[in-house]
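K.L.:
Here's my sequence, what's the structure:
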Amino acid sequence: MTAQRCPTSPEDWVRECPITKIWIVLIREYQEIIQQRALIVGMLMPVVIFIAIPLTAMSGVALGQSANPTGIGTPTSGLLAGLNQREATQALVGQQISVLYLILPTLLTSIIAAYSIIGEKTARTLEPLLATPIETWELLTGKALAALIPGILLTWLASLIFYRGLQSVAISQKVVDAVAAPGWQVTMVIWTPLLAVIAVAALTIVSSKVSDARTAQQLSTAVVLPFLVIFLGQAAGWLTLGIQFSFEIAAILLVLAVVSAYAATRLFQREAILTRWK
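P.N.:
Next up is the predicted model:
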């Protein structure tokens, strides 16, 4: 489907331009979100938790009485090379828990997207919107941006606060450099928007194929499962978020984001949603 061209007449611009339609959908979404206090709290709570857990754990290591509470030896290679045992212990804890931030963009965007599509169907406010003369890609773009913008910005804000807090609780600058290594920075800057797009697209695809809203929301959360492997791998010590590995995964995520966004637009069947959802 080819994109419409914006007309030159101001009146037609407001009525027909795709950019204007997307903007109207976006504003409508945020007006609805602002009225949902439980939704806002549900978004802010994971942010607070994802900041508090890593910093609390690292502070516990810094305040611990034992110089080597985990019994690890002095590292001689990798990001922990050159750190003493106490520094290496704190850095290792920080590295393992900081990978949890990979879940945050998918979690936050799914919360908003679930309300945007599934919540509207449950409240029976989606049918009038789908009946309007708006292209599917325009509708989905507006709804996707409503979930992507706060989800991405909150993830970046949480990672920035974590980094500032890391500088306060770290035993030394070496610990900061080991935890907030270039590979981790790449995941926060590049992976975050790509993961968010994939999560929103997955929720859109699932919601257009299942027969009820609850099933759609449950299945959409499965998008975070592959990234738990990365968390478990780093926690087990056999995987490190190096900069080369981070860029390689980013390239794969870019392909997945493009494919999933295209698939979401193609598979989102307005008539099926109106007739099949319960």
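K.L.:
any idea how far C17 lies from W23?
P.N.:
Distance, C17 to W23, by C-beta to C-beta, to the nearest Å: 9 Å. Bear in mind the C-beta positions are built from the backbone N, C-alpha and C, glycine included.
K.L.:
Then I112?
P.N.:
Taking C-beta to C-beta, one finds I112 at 17 Å from W23.
K.L.:
With neighbour numbers in mind, choose between those two.
P.N.:
Neighbours per residue, other C-beta atoms under 10 Å: of I112 and W23, the larger number sits with I112, 28 against 14.
K.L.:
so that one sits right up against I149, yeah?
P.N.:
No. With contacts counted by C-beta atoms under 8 Å, I112 stays clear of I149, the gap being 9.2 Å.
K.L.:
how about G42, what does it touch?
P.N.:
I111 (C-beta atoms under 8 Å, 6 or more residues apart in numbering).
K.L.:
any idea how far it lies from W156?
P.N.:
19 Å.
K.L.:
likewise G82?
P.N.:
Counting by C-beta to C-beta - G82 and W156 are separated by 30 Å.
K.L.:
With neighbour numbers in mind, choose between these two.
P.N.:
Neighbours were tallied for G82 and for W156 using other C-beta under 10 Å; the higher tally belongs to W156 (17 against 14).
K.L.:
So in this structure, which helix runs the longest?
P.N.:
helix 136-169 (DSSP state H).
K.L.:
Now do it, average pLDDT.
P.N.:
Average pLDDT, helix 136-169: 90.
K.L.:
Mind checking what helix or strand follows the helix or strand harbouring G42 in sequence?
P.N.:
Assigned by DSSP states H and E, G42 falls within helix 37-63. In the C-terminal direction, the helix or strand that comes right after helix 37-63 (DSSP H and E) is helix 85-98.
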